[in-house]
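>>> What shape does this take:
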Amino acid sequence: MSGIFDELGVRPVLNAQGNRTLLGGNTVSADVRAIMDDSEEYYAHMGELTDRVGERIADMLGVEAALVTSGTAAALAVGAAACMTGSDEERIERIPDVTGMRHEFIIQRQLRVKYDRCMTIPGGKLVEVGDADRTTSDQLESAIGPNTAAIHYLAPGDRNPGALPLEEVIRIGHAHDVPIIVDAAGQVYPTDNLSRYVKMGADLVAYGAKYFGAVNSSGMLTGKADLVAAARMNSFIGFEDTALRTFSRPMKVDRQEVVAVYAALREWLTMNHEDRFAAYEVRISSLRTDLAGLPNAQLAYFPENEPAEGLRIRVDADKAGKSAQDVVEELRSGNPSIWVRELGDDSFVIRMPTLKEGGEKVIADRLREILS
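Residues are numbered from 1 along each chain as shown. All right, here's what the predicted structure looks like:
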């Protein structure tokens with residue numbers, strides 16, 4: 001299977017689930033790997049490297065500024081800090097003591113996820129607004145007070161019934177001089193999503209760089225120049241190349257990771273995505289052929305109304321004597337362990353973007369054993 005995993009006694013995983021941190025996030029392309037290896041030739045001043053890469057990213061995306069971080073979570077944390085401290089060095093050094101600072105972040109009830117806790121790392125407090133079914137403009141506006149540092153928004157909000165759209169949140173926030181910080185972790189395709197939210201008026205937007213081909217432990221913060229500059233001051237590089245004692249020193253990135261974000265983003269923005277989906281189509285069709293006639297299962301392209309990137313398998317639990325969840329667990333229990341994306345409606349998806357070439361053949365054989 002794999003030499004190092006065998007040596008460590010760790011089961012290797014065939015990842016047909018997607019860019020999940022629990023599974024290692026992503027495998028970079030050969031070109032990105034080559035650029036990372038090239039960065040090993042010399043060391044670099046990390047402040048200079050961070051700034052130059054940030055400038056290149058901002059130029060590629062057509063935004064004011066950008067900062068490479070150790071993932072979306074770190075981008076949200078330093079972004080939250082920036083909204084609380086600005087460029088005030090005394091406040092930066094006091095975090096997480098937020099006495100006298102604006103430190104509340106408003107978030108709609110419909111847009112809550114476990115990752116929004118990242119906003120509290122520098123001492124922020126989440127203020128939830130809205131009812132179980134919906135959030136109104138009046139509710140959002142009424143929640144704004146003297147301690148409001150920003151409004152948090154999970155993109156894309158239009159997938160969450162009852163949530164106010166980002167345009168309305170921006171309108172309300174800016175009417176009260178309150179910035180908007182967007183968690184757009186995986187919103188990297190279509191590629192204009194990488195600048196869309198800033199161009200709509202959001203002040204800070206956080207992305208996970210693994211979703212566009214960089215390494216798992218990398219991300220970026222984009223947006224208004226003054227707030228990105230304040231985020232830099234609060235970041236690990238603010239600790240390293242200034243006298244500031246910032247809270248986020250543990251959130252450091254290597255020079256290899258910084259150049260990987262730059263190289264992967266450049267590759268993502270210039271690649272032919274139609275060819276990328278066409279390659280998935282070939283593999284999906286091959287998998288469908290291998291699973292043709294599989295009893296107790298229905299096959300369909302996923303997603304249905306967009307370019308397909310995977311094969312959806314719906315299990316007839318009554319006839320099969322087992323549910324989709326049972327099948328998912330059996331796939332995981334093997335060696336190699338196979339991880340697929342469970343949808344919760346007696347179906348699961350085998351996704352191609354993170355599945356190594358040939359992995360679909362292994363999965364087809366295993367599914368025939370489980371469902372025959």
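
>>> give me every residue that touches the closest residue to residue 125 other than its chain neighbours.
Nearest residue to residue 125 in three dimensions, chain neighbours excluded: residue 104, at 5.1 Å (CB to CB, 6 or more residues apart in numbering). (Each C-beta comes from the backbone N, C-alpha and C, glycine too.) The neighbours of residue 104, taking CB atoms under 8 Å, 6 or more residues apart in numbering as the test, are 124-127, 145, 147-149.

>>> beta partners for residue 104?
In this entry, residue 104 is beta-bridged to residue 125, residue 148, by DSSP bridges.

>>> If any of the contacts of residue 104 are buried, give me the PyMOL selection for them.
A single PyMOL command is used to select the members of those judged buried by 16 or more other CB atoms under 10 Å:
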select buried, resi 124+127+148+149
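
>>> Tell me the one of the contacts of residue 104 nearest residue 254?
residue 124 (27.3 Å; CB to CB).

>>> for the contacts of residue 104, which one is nearest residue 14?
For the contacts of residue 104, the nearest to residue 14 is residue 126 (37.0 Å; CB to CB).

>>> Test my guess that the closest one contacts residue 119.
Yes - using CB atoms under 8 Å, residue 126 is in contact with residue 119, at 6.2 Å.

>>> Could you check how far the residue nearest to residue 125 is from residue 288?
Counting by CB to CB, to the nearest Å, the separation of residue 104 from residue 288 is 51 Å.

>>> Could you do residue 308 as well?
Distance, residue 308 to residue 288, using CB to CB: 11 Å.

>>> do residue 91 as well
In terms of CB to CB, residue 91 sits 58 Å off from residue 288.

>>> more neighbours, those two?
Using other CB atoms under 10 Å, the more surrounded residue of residue 91 and residue 288 is residue 91, with 19 against 16.

>>> tell me the contacts of that one?
Contact analysis of residue 91 by CB under 8 Å, 6+ apart lists 84-85, 101.

>>> Tell me both backbone torsions, phi and psi, for it.
Main-chain dihedrals, residue 91, degrees, to the nearest 10: phi -70, psi -40.

>>> Repeat that for residue 32.
The phi and psi values for residue 32, taken as degrees, to the nearest 10, are phi -70, psi -40.

>>> Pull the contacting residues for it.
Counting by CB under 8 Å, 6+ apart, residue 32 makes contact with 213-214, 260, 263-264, 267.

>>> Select from those every entry located in helices.
Secondary structure from DSSP state H places 260, 263-264, 267 of the contacts of residue 32 in helices.

>>> Quick one: which of those residues is the most crowded by neighbours?
Of the ones in helices among the contacts of residue 32, with other CB under 10 Å as the count, residue 260 tops at 29 neighbours.

>>> give the contact list for it.
With CB under 8 Å, 6+ apart, residue 260 has these contacts: 28, 32, 35-36, 209, 214-215, 218.

>>> Going by distance to residue 188, which of these wins?
residue 209 (8.8 Å).

>>> Now the residue sitting furthest away from the middle of the chain: closest residue in space that isn't a chain neighbour?
Note on the chain: the largest C-alpha distance from the chain mean falls to residue 319, namely 37.8 Å (CA atoms, centre = their mean). Nearest residue to residue 319, sequence neighbours excluded (CB to CB, 6+ apart): residue 296, at 4.6 Å.

>>> so how far is residue 369 from the one you found?
For residue 296, the distance to residue 369 - CB to CB - is 13 Å.

>>> Tell me which of these two has more neighbours.
Neighbours were counted for residue 296 and for residue 369 using other CB under 10 Å; residue 296 has more, 16 against 9.

>>> need the contacts of residue 32 in CSV with distance to residue 135 and pLDDT, can you?
Below are the contacts of residue 32 laid out as CSV (distance: CB to CB, whole Å; pLDDT from 0 to 100):
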residue, distance to residue 135, pLDDT
213, 35, 98
214, 34, 98
260, 38, 98
263, 40, 98
264, 35, 98
267, 38, 98
